[in-house]
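Colleague: here you go, sequence then predicted model.
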Amino acid sequence: MIPEDIASFSFASWYPLFKQHTFKSEIIALSDQAVTYLREDGIFLPDGLEKRTTSNYTAGSADDTSGSADDTSGSANYTSGSANYTSGSAADTSDHDDITAAHQTSVETEWSSDDEDKTAQQWVLDLKARVDEVIRKFGGAAFPKLNWSSPKDACWMLPNRNLKCSSLADILLVLKASTFVGFDLSIKVQEAARVPLDLVLREWSEINPGWEFRCFVKDNTLVGISQRYTTAFYAHINQNRENVTGDIKAFFAQHVQQRFPLKNYTFDIVTFTTDTEDFMLVDFNPFDPVTDSLLFTWEELQDANGIPDDELLRIVSYPLAIQPDDMRQYEVPADFMDSRFSTNGRSLFDFLGAELGSQGASDEENLN
C-alpha cells in the first residue's frame, strides 16, 4: 500500500524547508535512460563505465578505518566515554548502518577515454560528470539515496561495509544490489507521487548510532521517540533519558513543528552535542506502518489516548533486550567476502569468474 501524500516525503520536497538543520546534499535528476537501467534485473555497470577490473576481498586487512571512528569527541556528550562509537552516515544511518567492517571489499573501476566515443552512453557521461563534481565538493565521499529510500541493505557491496561512496560506480553498484530502493523505482509509486526520480548525494559524516532517534508525530504533536538502532544497548541514553527527551522535544518545537506540511509524519534525528541547535535531521517518513515503528507498535502510536509523557522515549533498557539486526538477511555469506576462502591464492569471486570464462570457452569449442 502506498501512503497518501507520499510526495511530501520525497527528499526534494522537504530538503529546502530544513536545509539549515540537515546534512549538505545535492539532488541530481535522473534521466529516463538512468531509471530504465536501475530497473533492469542484475548487478552490472552500464556501458561507458569499465567493468570491475580487480577484486580484493581481503579478510581482516582493512587498514583504512575511515568508515568508523574510535574518537568519541564528535559524539553527543551527555556523559563522557559512555557511547560506543561505530560507523554511520548522513542519511538513513540512512538509511545509516552500524554493521561493522569485518572484511574489506575493494571494487576498482576506471574511466576508459579510448572507448568513450564507441561505448559510452551519453546519460552515463552526464551523470558521471555531475556525480564527480558533487563528490569533489563533499571532500571525496557521499552517501547515496533516491527520493525516499537509501540502499542500506546493500552496504556489504563496498569497503568497510557502509555506504561511503567515492565514485559513480560505487553508487550504481549499491543501488542495483538494493531491495529497498525498489520502492522508489516502482512504477506505481512514481504514478502516485508524480515527482521525478532523483539521485540524492549527501555529504558523508560519521554518525554515532547511539545518538540517533526516530520521532513520531501525530496531529502535529510528538507522541513517541524511539532509539533508532535497536540492535545495541547504549548505557548513556539510559543514564540521561530525561535530558535526551527534553532536548528532542525542544528541537521539535523550535525547528520542525508546524513547518512540515503534514500533520502526521515521522522524522529521524541525530545529535553530536548537548546543544539542541546541533541536532541534525536525517530523514522524514510517513506516519504509517510502511515505516518501522522500532520499539513501539503502530497500535500504540495510533491510539487516541496516546502514550504517557513519561514513556515518550523508548530505548533498549538492558543488554538482553536488544533486537536482531534485520539487515543481516540481505548479506552474502562471509566466506564469499573472505580471501582465505580461496583457490590457488585467488579469491572465490575471481576463481568463479575464471571458471565461468573457461566453461564458456569449452562450450564454444564443443559447438565448433
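Modeller: Thanks, I have the structure now.
Colleague: got the contact list for the residue nearest to Lys249 when sequence neighbours are not counted?
Modeller: Excluding the flanking residues, the one nearest Lys249 by CB to CB, 6 or more residues apart in numbering is Leu222, at 6.2 Å. All C-beta atoms are positioned from the backbone trio N, CA, C, and that covers glycine. Leu222 makes contact with Cys215, Phe216, Ile248, Lys249, Phe252, Gln257, Leu312, according to CB atoms under 8 Å, 6 or more residues apart in numbering.
Colleague: okay, now the unreliable bits of the stretch 151-300 of the chain?
Modeller: For the stretch 151-300 of the chain, the stretches flagged by pLDDT under 70 are 274-277.
Colleague: among the contacts of Leu222, the buried ones, what's the PyMOL command?
Modeller: Per 16 or more other CB atoms under 10 Å, the buried members of the contacts of Leu222 correspond to this PyMOL selection:
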select buried, resi 215+216+248+249+252+312
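Colleague: show me the contacts of Leu222 that map onto helices.
Modeller: Judged by DSSP state H, helices contain the following of the contacts of Leu222: Ile248, Lys249.
Colleague: and of the contacts of Leu222, the nearest to Leu301?
Modeller: When the contacts of Leu222 are compared for distance to Leu301 (CB to CB), Phe216 wins out at 5.3 Å.
Colleague: ranges for the strands of the stretch 101-250 of the chain?
Modeller: 103-108, 142-145, 198-203, 212-218, 221-227 (DSSP state E, counting those that start in this stretch).
Colleague: packing partners of the second one?
Modeller: Judged by 3 or more CB pairs under 8 Å, 6 or more residues apart in numbering; DSSP states H and E, strand 142-145 is in contact with helix 168-177, strand 198-203.
Colleague: quick one: mean pLDDT for it?
Modeller: On average, the pLDDT along strand 142-145 is 98.
Colleague: measure Cys215 to Pro308 for me?
Modeller: The gap separating Cys215 from Pro308 is 16 Å, by CB to CB, to the nearest Å.
Colleague: picking up where we left off before, with distance to Gln121 as new columns, can the strands of the stretch 101-250 of the chain be given to me in TSV?
Modeller: Shown next, in TSV, are the strands of the stretch 101-250 of the chain (distance: least, CB to CB, whole Å):
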stretch	distance to Gln121
strand 103-108	21
strand 142-145	20
strand 198-203	16
strand 212-218	38
strand 221-227	44
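Colleague: ok, which of those strands comes nearest Phe267?
Modeller: It is, among the strands of the stretch 101-250 of the chain and with distance given as CB to CB, strand 212-218, at 5.3 Å.
Colleague: who does that closest one pair up with?
Modeller: Strand 212-218 pairs in its sheet with strand 221-227 (antiparallel), strand 265-271 (antiparallel), by DSSP bridges.
Colleague: burial of Glu242, as a residue count?
Modeller: Using other CB atoms under 10 Å, Glu242 has 10 other residues around it.
Colleague: err, Pro308, not the other one
Modeller: For Pro308, the neighbour count with other CB under 10 Å is 7.
Colleague: tell me the spacing between it and Glu203.
Modeller: Taking CB to CB as the measure, Pro308 falls 38 Å from Glu203.
Colleague: now the closest residue in space to Pro286 that isn't next to it in sequence: phi and psi?
Modeller: Computed as CB to CB, 6+ apart, the closest residue to Pro286 that is not its neighbour in sequence is Pro3, at 4.0 Å. Torsion angles at Pro3 (phi, psi; degrees, to the nearest 10) stand at phi -60, psi 150.
Colleague: wouldn't Pro3 be in contact with Asp288 here?
Modeller: Yes. With contact defined as CB atoms under 8 Å, Pro3 reaches Asp288; the gap is 4.4 Å.
Colleague: and the chain, what are its domain boundaries?
Modeller: The chain is divided into the following domains under automatic domain parsing: 6-203, 209-326, 338-367.
Colleague: what sits against Leu197?
Modeller: Leu197 sits next to Ala29, Leu30, Val35, Leu146, Asn147, Asp184, Leu185, Gln190 when contact means CB under 8 Å, 6+ apart.
Colleague: how close does the fifth one sit to Ile28?
Modeller: In this structure, Asn147 and Ile28 are 11 Å apart, going by CB to CB.
Colleague: quickly list what's touching both of the two.
Modeller: The contact sets of Asn147 and Ile28 overlap at Asp198, Val200 (CB under 8 Å, 6+ apart).
Colleague: more neighbours: these two, which one.
Modeller: Asn147 (26 against 17).
Colleague: who does the residue nearest to Lys249 form a beta bridge with?
Modeller: Under the criterion used (DSSP bridges), Leu222 bridges to Val217.
Colleague: name the stretch among the strands of the stretch 101-250 of the chain that sits most buried.
Modeller: Highest mean neighbour count of these: strand 142-145, a mean of 29 (counted as mean count of other CB atoms under 10 Å).
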